[in-house]
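A.B. asks: Predicted model and sequence follow; I will ask about them next.
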Amino acid sequence: MASAVTRVVHRCEDAQESQNLNLSNCQLMQVPDAVYHLMRHTELKTCDLSDNVITKIPPKFAVKFSSITDLNLSHNQMAKLPDEIADLGALERLDISHNTFISLPDCIFKISKLQQLNASNNHIIDFDVECMERAPSLETVDLSNNPLSPRCHDQCSAISRIRITLTPREKEDWEDLTV
């Protein structure tokens with residue numbers, strides 16, 4: 001346990017110089033309060049929290065790290081994000097792949113500068129596709145390897161303004177009307 005704490009502290013110290021906080025592979029269940037304290041005078045540009053066991057990001061995350069442009073939350077246990085994530089006004093790239101999302105939180109689509117969203121390898125069945133279409137800067141969305149509902153899949157396929165990566169949909173037995 002002590003070594004994991006030491007690792008987090010060292011990585012925070014590195015980030016004070018580089019403005020890139022890498023806390024991947026630190027066995028974190030959440031973002032430790034000490035991180036907010038250590039980073040209080042640093043304007044972070046990127047934050048990598050991948051490969052942990054984080055279940056949620058607190059609302060204060062968006063307040064404390066409001067200038068990050070790149071946030072990697074992949075390979076965690078997250079199923080939701082706080083609405084405050086919409087306040088990440090500089091965020092351009094968000095990776096929430098390999099988590100446990102069953103829907104895409106609408107707050108993601110309110111992030112004003114977000115261009116790239118990776119939500120692959122989750123359990124996403126359905127989400128508000130119209131909300132995604134209204135996202136101001138969104139250019140690419142990866143939704144591959146998600147069990148999207150037929151309706152959601154079709155709605156995503158119909159969008160041309162955003163490049164959306166989808167896994168080809170398996171037709172349900174009842175849809176194969178050639179029998």
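C.D. replies: Cool, the structure landed.
A.B. asks: any idea how far the nearest residue to Pro58 once chain neighbours are set aside lies from Ala62?
C.D. replies: Counting by CB to CB, 6 or more residues apart in numbering, Pro58 lies nearest to Pro82, which is 6.6 Å off, once chain neighbours are set aside. Placement of C-beta: from N, CA and C, glycine included. Computed as CB to CB, to the nearest Å, the Pro82 to Ala62 distance reads 7 Å.
A.B. asks: Between the two, point out the one with more neighbours.
C.D. replies: Ala62 (23 against 16; other CB atoms under 10 Å).
A.B. asks: can you tell me how far that one sits from Asp70?
C.D. replies: 14 Å.
A.B. asks: Equivalent analysis for Asp95, please.
C.D. replies: When CB to CB is the yardstick, Asp95 and Asp70 sit 8 Å from each other.
A.B. asks: Looking at those two, which one has more neighbours?
C.D. replies: Between Asp95 and Asp70, Asp95 has the larger neighbour count (other CB under 10 Å), namely 21 against 17.
A.B. asks: Give me the phi and psi for the more buried one.
C.D. replies: With angles defined as degrees, to the nearest 10, Asp95 sits at phi -120, psi 110.
A.B. asks: Point out the other helices and strands that the lengthiest helix in the chain packs with.
C.D. replies: Counting by DSSP state H, the longest helix found in the chain is helix 2-18. On a contact count with 3 or more CB pairs under 8 Å, 6 or more residues apart in numbering; DSSP states H and E, helix 2-18 meets strand 20-22, helix 33-38.
A.B. asks: tell me what the shortest one is packed against?
C.D. replies: Pointing back at strand 20-22 there. Applying 3+ CB pairs under 8 Å, 6+ apart, one finds that strand 20-22 contacts helix 2-18, strand 46-48.
A.B. asks: chain center to the longest one: distance?
C.D. replies: Here helix 2-18 shows a centroid-to-chain-centroid distance of 23 Å under the convention CA atoms, centre = their mean, to the nearest Å.
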